[in-house]
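>>> Turn this into a model:
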Amino acid sequence: MARSLDGLVLSPVADQAPGQVGTGTRFTYHEEDGRIWAEYAGGDVVRGHLVGTRTGDVLDFRYVQLKQDGTTASGHCVSTVVDLADGRVRLDERWEWESQAGSGTSTVEELALS
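Next comes the predicted model:
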């Protein structure tokens with residue numbers, strides 16, 4: 001199993017569609033006893049939260065976010081945790097909106113220490 005996500009800050013490697021998370025979004029993860037949660041903000045997202053579980057290297061969570069235009073959105077995501085060769089963590093994500101139409105894939109990676 002990949003290392004704990006607790007305290008890690010991750011960011012998307014590419015922008016999604018307008019109104020969604022993008023390279024300016026930062027996710028701060030927490031993990032304890034198979035439970036995961038995160039706060040996120042940046043880009044078109046004013047504030048977002050995710051909460052779910054981790055079994056091995058698979059995360060299963062729901063997310064909800066408030067966007068810059070004042071609207072909210074929510075959905076479901078299943079992510080696979082991958083340890084990168086440089087010691088950072090990547091999440092390969094499959095997500096689907098529940099509050100609107102749409103689904104897709106994305107990748108978020110732990111920010112490199114500078």
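>>> use CA for all of it now, contacts and neighbours both
Noted.
>>> Strands of the protein, start to end?
Applying DSSP state E to the chain gives strands spanning 9-12, 26-32, 35-42, 45-55, 58-67, 72-83, 89-97, 103-110.
>>> Who's the closest spatial neighbour of Gly52, skipping the chain neighbours?
Phe61 (3.9 Å; C-alpha to C-alpha, 6 or more residues apart in numbering).
>>> and what of Arg54?
Nearest non-adjacent residue to Arg54, counting by C-alpha to C-alpha, 6+ apart: Gly34, 4.9 Å away.
>>> Number of residues surrounding the one you found?
Neighbours of Gly34 under the rule other C-alpha atoms under 10 Å: 12.
>>> Contacts only, for the residue nearest to Gly52.
50-53, 76-78 (C-alpha atoms under 8 Å, 6 or more residues apart in numbering).
>>> these two touch, right, Thr28 and Tyr40?
Yes. Under the criterion of C-alpha atoms under 8 Å, Thr28 makes contact with Tyr40 at 6.3 Å.
>>> Deepest-packed of the strands of the chain, please.
Greatest average neighbour count among the strands of the chain goes to strand 9-12 (a mean of 22), per mean count of other C-alpha atoms under 10 Å.
>>> Quick check: beta-bridge partners of Arg47?
Leu66 (DSSP bridges).
>>> quick one: low-confidence parts of this protein?
Confidence mapping of the chain against pLDDT under 70 gives the ranges 1, 16-19, 114.
>>> With distance to Arg3 as extra columns, can I get the strands of the chain in TSV?
TSV is the format used below for those (distance: least, C-alpha to C-alpha, whole Å):
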stretch	distance to Arg3
strand 9-12	14
strand 26-32	10
strand 35-42	13
strand 45-55	12
strand 58-67	12
strand 72-83	8
strand 89-97	8
strand 103-110	12
